[in-house]
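**Student:** Here is a sequence with its predicted model. Questions after.
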Amino acid sequence: MGTRTADLLAAAGVGIGDEVIVPSYGTTDVVEAVRAVGAAPVFADIDAWSYCLAPASVAEAIGERTAAIVPLDVFGHPADVTALQALAGARPLPVIPHVGQRPADSAEALQRRRHHAAYLDGRLTGVLTPRTAPGVEHRYHSYVVRVPGNGRPDRDAFARALRARGVRCSVPVTTPMHRTPAYARDVRDLSLPETERAAEQCLALPVDAGMTRRELRHVVAACNALGGLLPYDVAA
């Protein structure tokens, strides 16, 4: 996994002794690609709404040994590669988007997912719906909402209640990479507040291209029946 990204890192001259800035929120593929070339991953925080690497956090993580930045498109929202490239400054610092294993979308499937996402956006009231940065085309590989309240306990209770009502849902990222046993001891003082908040609050709802309008209405009814939006500020 992550072989193509590892090949691109190696081609850019990244290797033993180097550091590569990566997201902690996402798949293990990115970290595996960095380790495959002998480099060390350095975790940066994510944007509160795109869930992709936050350029401001990446800027703080850049050090003398930084050799590359590997962003990840998350849930179908593309990373802000242009903003990350602007961080390089005077010395070359390649930005190498992670190449995942997801098959290419057909135009019809992509259009239907976006149509379904727009339907949910306009009708869900019990959760915080996704936001897309201006000018960005979201591919909605997953339709990820936030469950406001007291973090993981409320999100998990909400998920159980939805499943009891027949709605398929899942927690997209249960544990950020910097909190896994492989890294937690080495980065115990690392603060990635948006990453940890997302891991505690996010829930993926079904938005498959093949869903019917009746199925979408059922998702909306089940979510909205669990209560209205609580006072909440995602950036607090």
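**Tutor:** All right, it came through fine.
**Student:** number of nearby residues for residue 57?
**Tutor:** 20 (other C-beta atoms under 10 Å). (C-beta placed from N, C-alpha, C; glycine too.)
**Student:** My guess is it contacts residue 48. True?
**Tutor:** No. Between residue 57 and residue 48 there is no contact under C-beta atoms under 8 Å: 11.2 Å.
**Student:** in what helix or strand does the nearest residue to residue 172 once chain neighbours are set aside lie?
**Tutor:** Of all residues not flanking residue 172 in the chain, residue 204 sits nearest, at 4.8 Å (C-beta to C-beta, 6 or more residues apart in numbering). Applying DSSP states H and E as the criterion places residue 204 in strand 202-205.
**Student:** which regions of the chain sit below the pLDDT cut-off?
**Tutor:** Scanning the chain for pLDDT under 70 picks out 1-2, 89-90, 100-103, 227-236.
**Student:** tell me the strands in it, going along the chain?
**Tutor:** According to DSSP state E, the chain carries its strands in the segments 19-23, 40-44, 66-69, 143-146, 202-205.
**Student:** Pick the most buried one from these.
**Tutor:** Comparing these by mean neighbour count (mean count of other C-beta atoms under 10 Å), strand 19-23 ranks first with a mean of 26.
**Student:** which helices and strands does that strand pack with?
**Tutor:** Here strand 19-23 touches helix 29-36, strand 40-44, strand 66-69, going by 3 or more C-beta pairs under 8 Å, 6 or more residues apart in numbering; DSSP states H and E.
**Student:** now those in JSON lines, with distance to residue 163?
**Tutor:** Formatted as JSON lines, the helices and strands packed on strand 19-23 follow (distance: least, C-beta to C-beta, whole Å):
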{"stretch": "helix 29-36", "distance to residue 163": "28"}
{"stretch": "strand 40-44", "distance to residue 163": "31"}
{"stretch": "strand 66-69", "distance to residue 163": "38"}
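**Student:** Can you give me the neighbour number for the nearest residue to residue 216 once chain neighbours are set aside?
**Tutor:** Of all residues not flanking residue 216 in the chain, residue 119 sits nearest, at 5.5 Å (C-beta to C-beta, 6+ apart). Neighbours of residue 119 under the rule other C-beta under 10 Å: 17.
**Student:** Against residue 158, how distant is residue 119?
**Tutor:** Computed as C-beta to C-beta, to the nearest Å, the residue 119 to residue 158 distance reads 20 Å.
**Student:** again, but for residue 73
**Tutor:** Residue 73 is 26 Å from residue 158, by C-beta to C-beta.
**Student:** With residue 91 instead?
**Tutor:** Distance of residue 91 to residue 158, given as C-beta to C-beta: 46 Å.
**Student:** Mind checking which of the two has more residues around it?
**Tutor:** residue 158 (22 against 7).
**Student:** quick one: that one and residue 226 touch, right?
**Tutor:** Yes. The pair residue 158 / residue 226 is scored as a contact, 6.2 Å apart, by C-beta under 8 Å.
**Student:** which residues are common contacts for these two?
**Tutor:** Contact criterion C-beta atoms under 8 Å, 6 or more residues apart in numbering; residues shared by residue 158 and residue 226: residue 126.
**Student:** contacting residues for residue 109?
**Tutor:** Contact partners of residue 109, counting by C-beta under 8 Å, 6+ apart, are residue 209.
**Student:** and if we set it to 10 Å?
**Tutor:** By C-beta atoms under 10 Å, 6 or more residues apart in numbering, the contact set of residue 109 is 139, 140, 208, 209, 210.
**Student:** could you dump these to JSON lines with neighbour count and distance to residue 188?
**Tutor:** Shown next, in JSON lines, are these (neighbours: other C-beta atoms under 10 Å; distance: C-beta to C-beta, whole Å):
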{"residue": "139", "neighbour count": "18", "distance to residue 188": "35"}
{"residue": "140", "neighbour count": "26", "distance to residue 188": "35"}
{"residue": "208", "neighbour count": "13", "distance to residue 188": "39"}
{"residue": "209", "neighbour count": "16", "distance to residue 188": "42"}
{"residue": "210", "neighbour count": "10", "distance to residue 188": "44"}
